[in-house]
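Student: give me a 3D structure for the following:
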Amino acid sequence: MTELIEVSADRERGVERPSLLRVVTPSDELFEDWLLLRQNFMEERRWSSGYDRDAYDDDPATIQLLNMQGDTIEAGLRLTPRSRIEDTMSWSWLPEELQMRAREVMSLEEGVVWDLTRLVPGHVSPERSTESLVELFGAGYALSHKVDKSPRWIFATTVPFYRYFSQQGISFTPIVRGKFSERDKHDSILCYTDPIQGTQYLEQAEAHGMTLNAVHRGIEAAKELSGRN
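Tutor: I've put the predicted structure just below:
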């Protein structure tokens, strides 16, 4: 059954209707809509083609969150824990040359790492897309923190998406940059983040008030959702 919880609206910015945070699984009717959104997102970036369901979707440890506005998916996120970085799907996407470069610049420590393999915007306004994605970042942190008190995330993203989050005040550590496959027209980046460190400067920067509020909304909504389970 799909669980959902209200994500409080930011009344000062004129947002009258709250969004809904949903945890989805492959047994939910909404899951097929989420798959289609993911598929289009991946195909647009030439990362994959065809049906997007994979082993992570069937892993009971995977967390899949959607931010909804009515029947519209504003954004979605998928996080899957793995025992080490080299066991993640994101790592497997790297060609051997980039894996070698990644090993040179980072320590592949043992221990749980969360593989963020989907952070997908929906078909909404750019302003709402930004808030919805950041809310999911906060919610994903809260839910992964419930399982792992010091969650570490790894993920692959595009250069524009990396810059986009940096502009919102959320920092990621780039591990390696390059073309992940022969189909790629542009570089991608394998990133690493500790969600706590990635958002530690938000409260000190007035310019990122929207981001801070959205992160807190996501965290609080996820905490309430967890409390119901």
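Student: show me what the helix or strand where residue 67 lies is packed up against.
Tutor: Assigned by DSSP states H and E, residue 67 belongs to strand 63-69. Counting contacts by 3 or more Cβ pairs under 8 Å, 6 or more residues apart in numbering; DSSP states H and E, strand 63-69 is packed against strand 19-23, strand 72-84, helix 126-147. For the C-beta atoms, the positions are set from N, CA and C on the backbone; glycine is no exception.
Student: quick one: strands adjacent to the next helix-or-strand element following the last one?
Tutor: Which is helix 126-147. Where DSSP H and E defines the elements, the next helix or strand beyond helix 126-147 is strand 153-158. Applying DSSP bridges, strand 153-158 is found paired with strand 110-121 (parallel), strand 188-193 (antiparallel).
Student: will you turn the helices and strands packed on strand 63-69 into TSV that also has mean pLDDT, distance to residue 156 and mean neighbour count?
Tutor: Output for these, formatted as TSV (pLDDT from 0 to 100; distance: least, Cβ to Cβ, whole Å; neighbours: other Cβ atoms under 10 Å):
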stretch	mean pLDDT	distance to residue 156	mean neighbour count
strand 19-23	82	23	22
strand 72-84	93	13	21
helix 126-147	86	16	22
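Student: number of nearby residues for the closest residue to residue 172 other than its chain neighbours?
Tutor: Excluding its sequence neighbours, the residue lying closest to residue 172 (Cβ to Cβ, 6 or more residues apart in numbering) is residue 191, at 4.1 Å. Using other Cβ atoms under 10 Å as the criterion, residue 191 is surrounded by 23 other residues.
Student: for the one 4 residues further on, same thing?
Tutor: Counted with other Cβ under 10 Å, the neighbours of residue 195 add up to 22.
Student: can you pull the contacts of it?
Tutor: Contact analysis of residue 195 by Cβ atoms under 8 Å, 6 or more residues apart in numbering lists 137, 140, 141, 144, 145, 151, 153.
Student: now do the second one against residue 46, distance only.
Tutor: Read that as residue 140. As judged by Cβ to Cβ, to the nearest Å, residue 140 and residue 46 stand 25 Å apart.
Student: beta partners of residue 73?
Tutor: residue 68.
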